[in-house]
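Visitor: got a sequence here, can you build the structure:
(one chain, ligands or ions: 1)
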Amino acid sequence: MRYLVTGAAGFVGSHLAEALRAAGHDVSGVDCFTDYYDVAEKERNAAGLDVRRLDLAEAPLGLDGVDGIFHLAGRPGVRSFGGVFPDYVHDNLLATQRVFEQAAAAGVRVVFASSSSVYGEAEAYPTPEDALPLPVSPYGLTKLACEHLARVYGRASGLDAVVLRYFTVYGPRQRPDMFFRRVCARLLDGGTFELYGSGEQSRSFTYVGDAVAATVAAMERAAPGTVYNVGGGEEASVLEAIGLLERLSGRRLELRRLEAARGDVERTKADDSRIAAELGWTPTTSLEEGLAAMWSWASGTVADA
Ligand SMILES: NC(=O)c1ccc[n+]([C@@H]2O[C@H](COP(=O)([O-])OP(=O)(O)OC[C@H]3O[C@@H](n4cnc5c(N)ncnc54)[C@H](O)[C@@H]3O)[C@@H](O)[C@H]2O)c1
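Guide: Just a heads-up that it's a prediction; the model follows:
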């Protein structure tokens with residue numbers, strides 16, 4: 001098949017593009033290499049992939065001969081209050097509207113990377129897809145708006161879109177602003193780790209290889225209009241995860257405790273039963289295995305993060 005991956009120079013998008021290529025598909029990527037984090041890192045992610053530099057909110061995609069779009073491009077991160085909000089609107093809402101418009105016109109399926117952030121402090125744990133979404137960050141709000149755009153374009157223009165709500169993806173090449181990546185960096189340089197909140201906050205951590213497998217399954221087998229949680233299965237608190245990384249690295253982490261950050265939630269816990277039943281996907285990588293892979297990558301390549 002011929003697939004287009006947006007955000008192909010990013011963390012998850014680069015893994016997805018590589019996996020699709022390894023499975024024998026014809027893959028092209030699109031990314032505008034935003035400076036949300038070090039562009040040199042994105043260039044390393046994209047090395048060996050065919051990635052066109054294009055801002056999805058500004059320029060047309062070109063969908064001739066494309067069988068499916070994996071739309072992973074976006075501006076991530078829950079610390080999205082204040083002056084950065086227009087960037088979230090541009091990279092999430094506007095870019096996604098352009099992608100959906102073109103995909104609907106060309107009759108091409110889109111798998112869209114949404115987020116567990118749409119739930120906010122969820123009304124139930126584990127959280128099923130039909131829980132009321134009530135985001136607590138501007139980022140989560142833009143992702144929820146994109147989900148609604150998928151539904152609106154489905155209804156009005158026959159867009160075939162599948163929505164995936166990723167729960168905290170981690171592994172080699174994780175973004176430098178993300179929790180495990182910052183822990184690895186401080187374990188390596190001996191610096192003090194700034195821990196927001198009590199450390200008792202917990203997450204459904206999802207290994208990137210598992211997230212990629214769910215994403216491919218969604219393209220291949222999901223019914224149009226479906227929404228799926230993609231969560232790692234195992235839930236761990238931030239302090240438990242730090243303990244695991246300390247054990248794997250044989251190092252101790254110096255902690256400085258700070259107030260909980262705005263936009264962060266206390267808990268995420270995915271109910272994965274829908275995707276398990278309908279697509280046969282379950283996560284297969286334990287947190288310990290995944291963190292071991294992440295640590296060996298980080299200790300080999302992360303200089304400063
Ligand atoms: N990593 C996670 O834990 C996680 C969790 C939930 C949802 N998501 C979503 O999954 C997707 C991938 O996340 P990631 O962690 O790989 O992020 P990432 O920042 O590493 O990758 C996103 C890529 O999109 C590109 N991009 C942004 N705006 C663009 C635009 N207007 N035009 C073209 N390219 C643009 C960026 O340059 C970047 O390379 C994002 O949409 C994110 O919101 C990620």
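
Visitor: C-alpha from now on. contacts and neighbour counts both.
Guide: Noted.

Visitor: which stretches in the protein count as strands?
Guide: Along the chain, counting by DSSP state E, strands occupy 2-6, 26-31, 51-53, 68-71, 109-115, 161-166, 169-170, 192-196, 202-204, 206-207, 227-230, 235-237, 254-258.

Visitor: so what strands line up beside the longest one?
Guide: So that's strand 109-115. strand 68-71 (parallel), strand 161-166 (parallel) (DSSP bridges).

Visitor: identify whichever of those lies nearest to the ligand.
Guide: strand 161-166 (4.3 Å; CA to the nearest ligand atom).

Visitor: alpha carbons of the closest one, as CSV, please.
Guide: Provided in CSV are the C-alpha atoms of strand 161-166 (Å, rounded to 0.1, in the frame of the first residue of the first chain):
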residue,chain,number,x,y,z
ALA,A,161,-11.5,8.7,9.7
VAL,A,162,-10.4,6.5,12.7
VAL,A,163,-9.4,8.3,16.0
LEU,A,164,-6.8,6.8,18.3
ARG,A,165,-6.4,8.2,21.8
TYR,A,166,-2.8,7.5,22.7
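
Visitor: if you look at that strand, does any of it touch the ligand?
Guide: Yes. For strand 161-166, a contact with the ligand is found by CA under 6 Å from any ligand atom, at Tyr166.

Visitor: then stretch 107-123?
Guide: Yes. Stretch 107-123 is in contact with the ligand by CA under 6 Å from any ligand atom, via Ala113, Ser114, Ser115.

Visitor: can you give me how far that stretch is from the chain middle?
Guide: 10 Å (CA atoms, centre = their mean, to the nearest Å).

Visitor: what's the burial count for the residue nearest to Leu188 when sequence neighbours are not counted?
Guide: Distance criterion CA to CA, 6 or more residues apart in numbering; nearest residue to Leu188, sequence neighbours excluded, is Ser299 at 6.9 Å. Look at Ser299: counted by other CA atoms under 10 Å, it has 14 neighbours.

Visitor: what do you get for Glu220?
Guide: Neighbours around Glu220, by other CA under 10 Å: 13.

Visitor: what's the answer for Ala22, then?
Guide: Neighbours around Ala22, by other CA under 10 Å: 11.

Visitor: ok, now how distant is it from the ligand?
Guide: Counting by CA to the nearest ligand atom, to the nearest Å, the gap from Ala22 to the ligand is 19 Å.

Visitor: again, but for Ala40
Guide: 11 Å.

Visitor: same thing with Cys32?
Guide: 4 Å.

Visitor: related to what we said a few turns ago, mind checking how far the residue nearest to Leu188 is from Ala47?
Guide: Going from Ser299 to Ala47 by CA to CA, to the nearest Å gives 20 Å.

Visitor: so which residues on the stretch 151-300 of the chain come close to the ligand?
Guide: So far as CA under 6 Å from any ligand atom goes, the stretch 151-300 of the chain lies against the ligand at Tyr166, Phe167, Thr168, Val169, Arg175.

Visitor: could you export the residues you listed as CSV, including neighbour count and pLDDT?
Guide: Formatted as CSV, these follow (neighbours: other CA atoms under 10 Å; pLDDT from 0 to 100):
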residue, neighbour count, pLDDT
Tyr166, 23, 98
Phe167, 24, 97
Thr168, 21, 96
Val169, 23, 98
Arg175, 24, 98
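
Visitor: Gly83: which of those is nearest?
Guide: Arg175 (21.3 Å; CA to CA).

Visitor: please list all residues in contact with that closest one.
Guide: Gly10, Phe11, Tyr37, Arg181 (CA atoms under 8 Å, 6 or more residues apart in numbering).

Visitor: again, but for Asp264
Guide: Counted by CA under 8 Å, 6+ apart, Asp264 has contacts Val78, Val136, Ser137.

Visitor: which regions of the stretch 51-200 of the chain lie under the pLDDT threshold?
Guide: Along the stretch 51-200 of the chain, the model assigns pLDDT under 70 to no residue.

Visitor: also the stretch 201-305 of the chain?
Guide: 301-305.

Visitor: list the beta-bridge partners for the residue in it that the ligand sits nearest to.
Guide: For the stretch 201-305 of the chain and the ligand, the shortest gap (CA to the nearest ligand atom) falls at Thr206, measuring 7.7 Å. Here Thr206 shows beta-bridge partners Val169, assigned using DSSP bridges.

Visitor: okay but it is in contact with Tyr170, surely?
Guide: Yes. Using CA atoms under 8 Å, Thr206 is in contact with Tyr170, at 6.1 Å.

Visitor: residues from the stretch 1-150 of the chain in reach of the ligand?
Guide: Counting by CA under 6 Å from any ligand atom, the stretch 1-150 of the chain sits next to the ligand at 7, 9-13, 31-34, 54-57, 72-76, 91, 95, 113-115.
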